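Novice: return a 3D structure for these sequence lines:
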Amino acid sequence: MWLAALVALPVRAAETPAALASAALELDRQAQSLPAASDTQRLTLYIGNRIEGSLLREVSVTVDGRAAARHRYSDREALALRSGGLHAITLMPLPEGSHRLRVDFIARAEDAQPGDARLHAQIEQDYSKGAAAGRVELTLARQGLRSRPALQWQDWAQPQAALEDPELRAADFLLRTGRALRAALLLERLQASGQPLAASFERRRADSLAALELAPAAMPAGSPLLERYGGAVAALRQGDAQAAARLEAMGSADAPDAESRMLRDYANLELGYQLLRQGQGEQAKPVFSRIRSPGPCSNAALLGFGWAFLVPAGAEGGSMFAAQAPLWPAGPEDAARLRRSTPFRYLHSVAVAGERKLDLQRALAPWVELLGRDATDPAVQEGLLAVPYALAHLGAYEQSQQYLRRAVGDLERARQELDAAMRHVSSGELAERLRERMTDEGDGWRRELADLPFAEATAYLKPLMLDSAFLAALSAQQRLAEIDQALQAQALRLDGSALSAEIAGLRQRVAAAAQRQDGELRELALAQLRRQQQHTLAYLAEARLALARVHDRPLEEEAS
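Specialist: Here you go, the predicted structure:
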């Protein structure tokens, strides 16, 4: 076979996830002609959710009194179920005969608060397993006059002409949760089975191949909301007068899900800093106040909200911030100049009364909120120096000195944390941790990198998740992990068959590609951490310089 010869070739440095996925698909097509007797002892439960406004959190399955399966759903998986997808849970071996099945569902309202009660539903009944593989659909739905949550049972022993095959909806679930190869494999096997297929089959198949880069996409990929946000930001930075209105509309719109809430925060953050550049501090305040705290944008929002009280009005305010949209002063030198010149003419000028004193006091409130947060964040670092800046201009020299000492300590600890993070990445522990998360099946929470528990050794991952190059490399690594998982399942199914050696050879090629991807992730992470380290060192030097100057007293003629 041509594939055997291909597998025997030396590993090529240029092999991509798309090429390896193509080889895995071809291998699976060959495997479809081989017998797999154990498949007849399989029962597949298709899990769904049709309760509007709810998210499925957990499903547990017991067969004949013994625990058989359990899955906890991430937000992404829960939303895929709510959109009509089905999650396939396979139970095997399950021999022919009568069995007692019990299935428990736990869900919660999408807008539930921590103390709100969860939704529970349970079904327990006898199931007669025939000679062929079994298929049962279990869907959470409202039932009865009181609309209580209940489980609807549908035995797919015989195809239901009026309903869409559950395997097609299982493919939807896989596509919506980023498992394009598994979706493609499922659809290929479904096509090879010879059973009648819905008209939407070809669309699903095209979507799965496009996600694997094996076919052109039928329409532009990506979230329409994300594309609108990206277009508005690009237009704003090019001077489009209408872009600010588009961001304002996004920033004030209702946000029914996690993605839209995140993009609403980013739209408000971008718009708020643009208003600061234009010297429109008053207009920026309500924009910053719409940003959630805590949240991914809260640190930069608190910093900008404080500056909104102090930014000079009109064109002069634009000189405070770089024109090309960093979400804080462009660098340490720019930040130091900003603090020394705004809103006072001289370094040691003091506001003793009036609106300028009130503005300083108002700016202090959000800036103090930044203290104690992650000191490796540039917005927090700016806040560490903005607080003593404001206190010095209020004439509170002793307090200013105390906060500068605190800033020096926090920035020194941040420097040490970044040193430790670089050692952690260089040692290969980051790659190992990511690999564990990508290959851990049966627990949906662990598929999501965002669900990594906070720990000193991995706290540096948060800013990395904002780096587009790192995210692209991580996506490639996830696809390689998915290919290997699919091949591992195939190896178990076809153990001892004529394709066993070819499966093993393809897994070696995937492992080699994953090793190269590990190296790319490591270099990207180290580059980002070095940038953070340089920024931290610059702020640390400035804090020490400011501390050395704090003993100077203001000259009488400089007082404002």
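Novice: part of a helix, is R373?
Specialist: No - counting by DSSP: H, G, I helix; E, B strand; the rest coil, R373 is located in no helix; its state is coil.
Novice: contacts only, for it.
Specialist: R373 sits next to N299, V380 when contact means Cβ atoms under 8 Å, 6 or more residues apart in numbering. Every C-beta, even on glycine, is put in place using the N, C-alpha and C of the backbone.
Novice: give me the phi and psi angles of it.
Specialist: phi -90, psi -180 (degrees, to the nearest 10).
Novice: then R70?
Specialist: The phi/psi pair for R70 (degrees, to the nearest 10) is phi -150, psi 140.
Novice: quick check: bridge partners of it?
Specialist: According to DSSP bridges, the residues that bridge with R70 are S60.
Novice: can you count the residues close to it?
Specialist: The burial count assigned to R70 is 14, neighbours taken as other Cβ atoms under 10 Å.
Novice: so who does it touch?
Specialist: Contacts of R70 were listed using Cβ under 8 Å, 6+ apart, and they are E58, V59, S60, V61, G442.
Novice: buried subset of those residues?
Specialist: Neighbour counting over the contacts of R70 (16 or more other Cβ atoms under 10 Å) leaves E58, V59, S60, V61 as the buried ones.
Novice: how near is the nearest residue to P256 once chain neighbours are set aside to L55?
Specialist: In this structure, P256 finds its nearest non-sequential neighbour in E110, 8.0 Å apart by Cβ to Cβ, 6 or more residues apart in numbering. In this view, E110 and L55 are 5 Å apart by Cβ to Cβ, to the nearest Å.
Novice: now swap in D410 and tell me
Specialist: 38 Å.
Novice: so S128 sits right up against R100, yeah?
Specialist: No - in this structure S128 lies outside contact range of R100 using Cβ atoms under 8 Å: 10.9 Å.
Novice: just how off-centre is the longest strand belonging to the chain within its chain?
Specialist: The strand that spans the most residues within the chain, counting by DSSP state E, is strand 97-109. Mean C-alpha position of strand 97-109 versus that of the full chain (Cα atoms, centre = their mean, to the nearest Å) differs by 30 Å.
Novice: who touches it?
Specialist: Applying Cβ under 8 Å, 6+ apart, the set of residues contacting strand 97-109 from outside is 45, 47, 49, 51, 53-65, 116, 118-129, 138, 140, 149, 151.
Novice: now do the buried residues in it.
Specialist: Buried-residue list, strand 97-109, by 16+ other Cβ under 10 Å: H99, L101, R102, V103, D104, F105, I106, A107, R108.
Novice: strand 97-109 and the next helix-or-strand element following it, what's the angle between them?
Specialist: Following strand 97-109 in sequence order, the next helix or strand is strand 119-129 (DSSP states H and E). Here strand 119-129 runs at an angle of 160 degrees relative to strand 97-109 (axes from the mean of the first three to the mean of the last three Cα atoms, to 10 degrees).
Novice: give the other helices and strands that strand 119-129 contacts.
Specialist: Here strand 119-129 touches strand 97-109, strand 134-143, strand 148-155, going by 3 or more Cβ pairs under 8 Å, 6 or more residues apart in numbering; DSSP states H and E.
Novice: for these, which one sits closest to A396?
Specialist: Of all the helices and strands packed on strand 119-129, it is strand 97-109 that lies closest to A396, at 47.5 Å by Cβ to Cβ.
Novice: so where's the stretch 1-150 of the chain uncertain?
Specialist: Along the stretch 1-150 of the chain, the parts satisfying pLDDT under 70 run over 1-14, 35-39, 144-146.
Novice: now do the contacts for W307.
Specialist: By Cβ under 8 Å, 6+ apart, the contact set of W307 is L276, G281, M320, A363, A386.
Novice: how about A543?
Specialist: Going by Cβ under 8 Å, 6+ apart, A543 touches L384, L385, L404, A407, V408, L411.
Novice: out of E110 and L55, which sits in the busier spot?
Specialist: Using other Cβ under 10 Å, the more surrounded residue of E110 and L55 is L55, with 21 against 17.
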